[in-house]
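Chemist: this is a predicted model, with the sequence first.
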Amino acid sequence: LGSSATCNGTGNIINSTTISNDCTLNNPGTYTMSGEAFQLNDSGGDGAITFSVGNIILDMNGSTITGNTTSCCSPRHIGINTNTRDNNTIKNGIIIFYSDGIRMFNSDNIILLNLTLKSSRANINLGATTRAYNISILDSDIYNGTSWNVFSDLVENYFINNTIFNYSNDNFFITSTNNL
(Lines give C-alpha, C1' and ligand atoms only; values in the text may rest on other atoms or scores of the structure.)
Protein backbone atom coordinates (compact mmCIF):
# COMPACT_ATOMS: atom_id res chain seq x y z
CA LEU A 1 0.00 0.00 0.00
CA GLY A 2 1.07 3.64 -0.09
CA SER A 3 3.53 5.43 2.15
CA SER A 4 0.82 6.73 4.50
CA ALA A 5 -0.24 3.24 5.61
CA THR A 6 0.88 1.81 8.91
CA CYS A 7 1.41 -1.83 8.07
CA ASN A 8 3.49 -4.24 10.11
CA GLY A 9 5.61 -1.31 11.31
CA THR A 10 7.14 -0.79 7.87
CA GLY A 11 4.89 1.95 6.42
CA ASN A 12 3.60 -0.17 3.53
CA ILE A 13 2.70 -3.67 2.35
CA ILE A 14 3.79 -3.58 -1.25
CA ASN A 15 5.97 -6.67 -1.82
CA SER A 16 5.63 -9.14 1.07
CA THR A 17 3.53 -12.29 0.99
CA THR A 18 4.01 -13.18 4.66
CA ILE A 19 2.65 -10.16 6.55
CA SER A 20 0.69 -11.37 9.56
CA ASN A 21 -0.09 -8.14 11.41
CA ASP A 22 -2.84 -5.59 10.94
CA CYS A 23 -2.61 -2.65 8.53
CA THR A 24 -4.17 0.76 9.21
CA LEU A 25 -4.72 3.34 6.47
CA ASN A 26 -4.36 6.68 8.24
CA ASN A 27 -4.69 9.30 5.49
CA PRO A 28 -7.25 10.03 2.76
CA GLY A 29 -6.08 9.15 -0.73
CA THR A 30 -5.52 6.21 -3.05
CA TYR A 31 -3.67 3.07 -1.93
CA THR A 32 -2.64 0.45 -4.48
CA MET A 33 -1.67 -3.07 -3.45
CA SER A 34 0.99 -5.04 -5.32
CA GLY A 35 -1.23 -7.73 -6.88
CA GLU A 36 0.15 -10.46 -4.61
CA ALA A 37 -1.44 -12.92 -2.21
CA PHE A 38 -1.29 -11.75 1.42
CA GLN A 39 -1.91 -13.82 4.54
CA LEU A 40 -3.36 -11.07 6.76
CA ASN A 41 -4.67 -12.27 10.10
CA ASP A 42 -6.72 -9.83 12.14
CA SER A 43 -4.80 -9.95 15.40
CA GLY A 44 -6.91 -7.39 17.29
CA GLY A 45 -10.43 -8.13 16.06
CA ASP A 46 -10.72 -4.70 14.41
CA GLY A 47 -9.61 -5.50 10.85
CA ALA A 48 -6.65 -6.91 8.97
CA ILE A 49 -6.92 -3.69 6.95
CA THR A 50 -8.61 -0.83 8.80
CA PHE A 51 -9.63 2.57 7.46
CA SER A 52 -9.00 5.12 10.24
CA VAL A 53 -10.34 7.98 8.08
CA GLY A 54 -12.76 8.43 5.20
CA ASN A 55 -12.13 9.34 1.57
CA ILE A 56 -9.88 6.36 0.84
CA ILE A 57 -9.67 4.35 -2.37
CA LEU A 58 -8.13 0.92 -1.82
CA ASP A 59 -7.24 -0.61 -5.19
CA MET A 60 -6.33 -4.19 -4.38
CA ASN A 61 -4.94 -4.47 -7.93
CA GLY A 62 -5.74 -8.19 -8.11
CA SER A 63 -4.35 -8.93 -4.63
CA THR A 64 -5.86 -11.62 -2.43
CA ILE A 65 -6.08 -11.24 1.34
CA THR A 66 -6.69 -14.40 3.32
CA GLY A 67 -7.52 -14.64 7.01
CA ASN A 68 -7.27 -17.56 9.36
CA THR A 69 -10.80 -18.17 10.65
CA THR A 70 -14.50 -17.82 9.99
CA SER A 71 -15.44 -18.10 13.68
CA CYS A 72 -17.97 -15.64 14.99
CA CYS A 73 -16.63 -13.95 18.00
CA SER A 74 -13.98 -13.47 20.69
CA PRO A 75 -12.37 -11.94 18.79
CA ARG A 76 -14.13 -11.47 15.51
CA HIS A 77 -11.67 -11.57 12.59
CA ILE A 78 -12.37 -8.91 9.94
CA GLY A 79 -10.74 -8.65 6.52
CA ILE A 80 -11.36 -4.95 5.74
CA ASN A 81 -13.03 -2.66 8.27
CA THR A 82 -14.46 0.75 7.30
CA ASN A 83 -16.64 1.20 10.42
CA THR A 84 -17.75 4.81 10.92
CA ARG A 85 -15.74 5.95 7.87
CA ASP A 86 -17.53 7.49 4.89
CA ASN A 87 -16.78 7.99 1.18
CA ASN A 88 -14.54 4.96 0.63
CA THR A 89 -13.97 2.60 -2.30
CA ILE A 90 -12.59 -0.95 -2.22
CA LYS A 91 -11.97 -2.51 -5.62
CA ASN A 92 -10.25 -5.17 -7.72
CA GLY A 93 -9.40 -7.85 -5.18
CA ILE A 94 -10.20 -11.12 -3.44
CA ILE A 95 -11.07 -11.49 0.27
CA ILE A 96 -11.19 -14.97 1.82
CA PHE A 97 -11.70 -16.66 5.19
CA TYR A 98 -12.65 -14.06 7.82
CA SER A 99 -15.53 -13.70 10.28
CA ASP A 100 -16.54 -10.65 8.21
CA GLY A 101 -14.87 -10.22 4.82
CA ILE A 102 -15.78 -6.51 4.72
CA ARG A 103 -17.44 -4.75 7.65
CA MET A 104 -19.08 -1.32 7.18
CA PHE A 105 -21.11 -0.42 10.27
CA ASN A 106 -22.24 3.23 10.42
CA SER A 107 -20.61 3.99 7.07
CA ASP A 108 -22.09 5.96 4.18
CA ASN A 109 -21.19 6.35 0.51
CA ILE A 110 -19.14 3.18 0.07
CA ILE A 111 -18.38 1.56 -3.28
CA LEU A 112 -17.37 -2.11 -3.53
CA LEU A 113 -16.32 -2.79 -7.12
CA ASN A 114 -15.02 -5.85 -8.94
CA LEU A 115 -14.38 -7.93 -5.82
CA THR A 116 -14.51 -11.63 -5.06
CA LEU A 117 -15.58 -12.38 -1.49
CA LYS A 118 -15.77 -16.00 -0.43
CA SER A 119 -15.68 -18.43 2.46
CA SER A 120 -16.17 -15.90 5.26
CA ARG A 121 -18.87 -16.12 7.92
CA ALA A 122 -20.43 -12.95 6.49
CA ASN A 123 -18.72 -11.97 3.25
CA ILE A 124 -20.17 -8.45 3.54
CA ASN A 125 -21.50 -7.26 6.90
CA LEU A 126 -23.30 -3.93 6.85
CA GLY A 127 -24.57 -4.41 10.40
CA ALA A 128 -27.69 -4.99 12.38
CA THR A 129 -29.26 -1.95 14.04
CA THR A 130 -26.61 0.33 12.51
CA ARG A 131 -27.05 2.77 9.68
CA ALA A 132 -25.29 2.29 6.38
CA TYR A 133 -26.57 4.37 3.48
CA ASN A 134 -25.64 4.56 -0.17
CA ILE A 135 -23.57 1.38 -0.23
CA SER A 136 -22.99 0.24 -3.83
CA ILE A 137 -21.88 -3.32 -4.51
CA LEU A 138 -21.05 -3.62 -8.20
CA ASP A 139 -19.67 -6.29 -10.55
CA SER A 140 -18.63 -8.64 -7.74
CA ASP A 141 -18.74 -12.37 -6.99
CA ILE A 142 -19.90 -13.20 -3.47
CA TYR A 143 -20.17 -16.84 -2.46
CA ASN A 144 -19.65 -19.65 0.07
CA GLY A 145 -20.57 -17.48 3.07
CA THR A 146 -20.70 -19.84 6.03
CA SER A 147 -23.66 -17.89 7.49
CA TRP A 148 -24.52 -15.05 5.06
CA ASN A 149 -23.15 -13.68 1.85
CA VAL A 150 -24.58 -10.20 2.57
CA PHE A 151 -25.87 -9.26 6.04
CA SER A 152 -27.64 -5.93 6.32
CA ASP A 153 -30.16 -3.94 8.33
CA LEU A 154 -30.19 -0.83 6.21
CA VAL A 155 -31.91 1.25 3.56
CA GLU A 156 -31.13 2.83 0.19
CA ASN A 157 -28.33 0.62 -1.06
CA TYR A 158 -27.50 -0.77 -4.47
CA PHE A 159 -26.58 -4.30 -5.53
CA ILE A 160 -25.85 -4.24 -9.27
CA ASN A 161 -24.49 -6.94 -11.62
CA ASN A 162 -23.24 -9.29 -8.91
CA THR A 163 -23.09 -13.07 -8.74
CA ILE A 164 -24.15 -14.31 -5.31
CA PHE A 165 -24.50 -18.02 -4.49
CA ASN A 166 -23.73 -20.91 -2.11
CA TYR A 167 -24.55 -20.00 1.47
CA SER A 168 -25.22 -21.77 4.74
CA ASN A 169 -28.13 -19.66 6.04
CA ASP A 170 -29.09 -16.81 3.68
CA ASN A 171 -27.62 -15.28 0.54
CA PHE A 172 -29.06 -11.93 1.63
CA PHE A 173 -30.18 -11.19 5.15
CA ILE A 174 -31.73 -7.77 4.61
CA THR A 175 -34.35 -6.42 6.97
CA SER A 176 -35.07 -2.98 5.51
CA THR A 177 -36.48 -1.52 2.32
CA ASN A 178 -35.26 0.51 -0.66
CA ASN A 179 -32.42 -1.81 -1.58
CA LEU A 180 -32.02 -2.21 -5.33
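Modeler: Great, that's in hand.

Chemist: which stretches of this structure have low pLDDT?
Modeler: For the chain, applying pLDDT under 70 flags the ranges 1-21, 70-75, 128-131, 149, 151-160, 162-180.

Chemist: let's see 50
Modeler: 1-6, 8-18, 20, 171-180 (pLDDT under 50).

Chemist: for burial, what's the neighbour tally of Asn125?
Modeler: By other C-beta atoms under 10 Å, 28 other residues sit near Asn125. C-beta: built from backbone N, CA, C; applies to glycine.

Chemist: Met104 is in contact with that one, correct?
Modeler: Yes - in this structure, Asn125 is within contact of Met104 by C-beta atoms under 8 Å, at 7.3 Å.

Chemist: now do the strand or helix carrying Ile65: everything it contacts.
Modeler: Assigned by DSSP states H and E, Ile65 falls within strand 64-66. Strand 64-66 has contacts (C-beta atoms under 8 Å, 6 or more residues apart in numbering) with 36-40, 48-49, 79-80, 93-97.

Chemist: ok, so of these, who is nearest Gly62?
Modeler: Gly93 (6.7 Å; C-beta to C-beta).

Chemist: which residues touch the closest one?
Modeler: Gly93 sits next to 33, 60-65, 115-116 when contact means C-beta under 8 Å, 6+ apart.

Chemist: and which of these is nearest Ser136?
Modeler: Nearest to Ser136 among the contacts of Gly93 is Leu115, at 11.7 Å by C-beta to C-beta.

Chemist: identify the residue nearest the closest one in space, chain neighbours excluded?
Modeler: With C-beta to C-beta, 6 or more residues apart in numbering as the criterion, Leu115 has its nearest non-adjacent residue at 4.4 Å, and that residue is Ser140.
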